[in-house]
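S.K.: Show me how the following folds:
(one chain, ligands or ions: 1)
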Amino acid sequence: MIKFLDLQKINRQYEAELTEAVNSVIRSGWYILGKQVNQFEKAFSDYCGTKHCIGVASGLDALILIFRAYQELNKLKPGDEIIVPVNTYIATILSITANKLVPILVEPNEKSFNLDVDLIEKHISQKTKAILPVHLYGQLADMASINKIAKEHNLLVIEDAAQAHGAEDQKGVKAGNLGHAAAFSFYPGKNLGALGDGGAITTNNDELARVIRALRNYGSEKKYDYQYKGFNSRLDEMQAIILSVKLKYLDIENKKRKVIAERYLSEIKNEKLDLPFFSEEQDHVFHQFVVRTKKRDGLQQFLSEKGIETMIHYPVPPHKQKGYSEWNDRSYPITEQIHREVLSLPVNPVLTNEEIKYISNVINKY
Ligand SMILES: *Cc1c(COP(=O)(O)O)cnc(C)c1O
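M.R.: Numbers count the residues shown, from 1 in each chain. Reported below is the predicted structural model:
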């Protein structure tokens, strides 16, 4: 059986180093907001090229805290509209509604699966204050176009970079440094994954960083002095040191993902399915390798019978979820079709050459 994502095997590569790191935290006697979080924040902001990184409890919290901080800074207020792709993971949308902001759902580009930049302007109103692009599956959204539109209309740009650690644009600017602020997730299955939950915000804005730092810690900048109505959303010392270890290998792992993707792109030849669109302009770190076919369920079944585990990202779009029942009769045909047709193949960096060959061969026989 070829697992879709073999986290055991991925983390075993670093087991000795991780064990030593975790032991050092156990021995330190300091577990929340200490040296390890500071060191990781410094390392990750250096990696992304941003002035600040603030570690938090999850990717969803990272997004929520960005919107909350902008409200504290009077840049956003309840009822303001946020342009967001409807073809995304639910957390993207939750972060908007959790802040009493209004998501303006926009269809994706058919090829890239990312926000269709040609549709943005017609969705802008007096109330629009921000764009929240998602680098879905690890492929950068068209940030040059998005930033241009945002500048013309005086909008904030907040990246959902939860799937795109290390992706960089043609000038070498990394995800996390392509807007006003960005949110990352370190959920174990992400390209940079902790051994538990974790997230971070990156930004070059000093004020925003200061407010988020307070918000993640009950709203306090000084112990027992509460400036804001805050949260408890902290990256802990254990996850921070684990992430510092794994950050050193992120580029190597992303490279392996790209090599696997390139092999699939050249070896899979089957007219029944479309391979992911991959351009020089929008870098792709292949968090997922997603094929598209009208016969998706059949393909998934066929691969499963041949011992290949696959996943669907995602089976039901946000507007068809019960949690958003107010949108259930809306129709976003491109997004809905994508959800019916996509299938994610294993692309994790520990796949062997034989496994990649086998998967390609099996797909070619479908
Ligand atoms: C994983 C993910 C999130 C949420 O991150 P968590 O750490 O699981 O809260 C948000 N947006 C996207 C696009 C994601 O893939």
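S.K.: Assign a three-state SS to residue 291, would you?
M.R.: strand (DSSP: H, G, I helix; E, B strand; the rest coil).
S.K.: how about the nearest residue to the closest residue to the ligand within the stretch 251-366 of the chain, chain neighbours excluded?
M.R.: Using CB to the nearest ligand atom, the closest approach of the stretch 251-366 of the chain to the ligand is made by residue 287 at 7.6 Å. Where you see a C-beta, it was placed from the backbone N, CA and C, and this is true even at glycine. Distances taken as CB to CB, 6 or more residues apart in numbering place residue 138 nearest to residue 287, at 3.5 Å, with adjacent residues excluded.
S.K.: Distance of that neighbour relative to residue 163?
M.R.: With distances taken as CB to CB, to the nearest Å, residue 138 is found 5 Å from residue 163.
S.K.: Overlap in contacts, the two.
M.R.: Jointly contacting residue 138 and residue 163 under the rule CB atoms under 8 Å, 6 or more residues apart in numbering are 191, 287, 288.
S.K.: Including secondary structure and neighbour count, could these go into JSON lines?
M.R.: Shown next, in JSON lines, are these (DSSP: H, G, I helix; E, B strand; the rest coil; neighbours: other CB atoms under 10 Å):
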{"residue": "191", "secondary structure": "coil", "neighbour count": "24"}
{"residue": "287", "secondary structure": "coil", "neighbour count": "25"}
{"residue": "288", "secondary structure": "coil", "neighbour count": "25"}
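S.K.: Which single residue of the stretch 1-150 of the chain ends up nearest the ligand?
M.R.: residue 59 (2.3 Å).
S.K.: Could I get the pLDDT score of the closest residue to that residue other than its chain neighbours?
M.R.: Leaving out its chain neighbours, the residue that sits closest to residue 59 by CB to CB, 6+ apart is residue 185, at 2.5 Å. You'll see residue 185 listed with a pLDDT of 98.
S.K.: Need phi/psi at residue 185.
M.R.: phi -110, psi 140 (degrees, to the nearest 10).
S.K.: from what I can see it touches residue 199, true?
M.R.: Yes. Applying CB atoms under 8 Å, one finds residue 185 in contact with residue 199, separated by 5.1 Å.
S.K.: Show me the common contact partners of the two, please.
M.R.: Shared contacts of residue 185 and residue 199 (CB under 8 Å, 6+ apart): 58, 59, 60, 62, 162.
S.K.: Mind listing residues that contact whatever helix or strand the third one lives in?
M.R.: Just to be clear, that refers to residue 60. Per DSSP states H and E, residue 60 falls inside helix 59-72. Residues outside helix 59-72 that contact it (CB under 8 Å, 6+ apart) are 54, 56, 76-78, 82, 91-92, 94-96, 98-99, 101, 130, 132, 156, 158, 160, 162, 181, 183-187, 190, 199-201, 203, 208, 211-212, 215-216, 228, 231, 233.
S.K.: can stretch 67-84 be found next to the ligand?
M.R.: No. On the criterion CB under 6 Å from any ligand atom, stretch 67-84 is out of touch with the ligand, staying 10.7 Å away.
S.K.: buried set for that stretch?
M.R.: 67-72, 75-76, 80-84 (16 or more other CB atoms under 10 Å).
S.K.: and what of stretch 238-256?
M.R.: Applying 16+ other CB under 10 Å to stretch 238-256 flags 238-244, 246-247, 249-250, 253-254, 256 as buried.
S.K.: And the residues you listed, which is closest to the ligand?
M.R.: Nearest to the ligand among those, counting by CB to the nearest ligand atom, is residue 239 at 11.2 Å.
S.K.: For the helix or strand hosting that closest one, name the packing helices and strands.
M.R.: Applying DSSP H and E as the criterion places residue 239 in helix 237-247. Counting contacts by 3 or more CB pairs under 8 Å, 6 or more residues apart in numbering; DSSP states H and E, helix 237-247 packs against helix 15-28, helix 35-48.
S.K.: Pull the most distant pair out of the buried residues of stretch 238-256.
M.R.: With distances taken as CB to CB, the most widely separated pair in these is 238 and 256, at 26.1 Å.
S.K.: sorry, back to before: give me the angle between the helix or strand following the helix holding residue 239 and helix 35-48.
M.R.: As assigned by DSSP H and E, the chain's next helix or strand after helix 237-247 is helix 250-267. If you take axes from the mean of the first three to the mean of the last three CA atoms, to 10 degrees, helix 250-267 sits at 50 degrees to helix 35-48.
S.K.: name the helices or strands packed onto helix 250-267?
M.R.: By 3+ CB pairs under 8 Å, 6+ apart, helix 250-267 packs against strand 289-292, helix 353-365.
S.K.: same for the shortest one, what does it pack against?
M.R.: Under the contact criterion of 3+ CB pairs under 8 Å, 6+ apart, strand 289-292 touches helix 250-267, strand 342-345.
S.K.: does the ligand sit close to the shortest one?
M.R.: No. Among the residues of strand 342-345, none lie within reach of the ligand under CB under 6 Å from any ligand atom; the closest is 12.2 Å away.
S.K.: and this structure, which residues reach the ligand?
M.R.: 58-60, 88-89, 91-92, 134, 160, 162-163, 185, 187, 197, 199.
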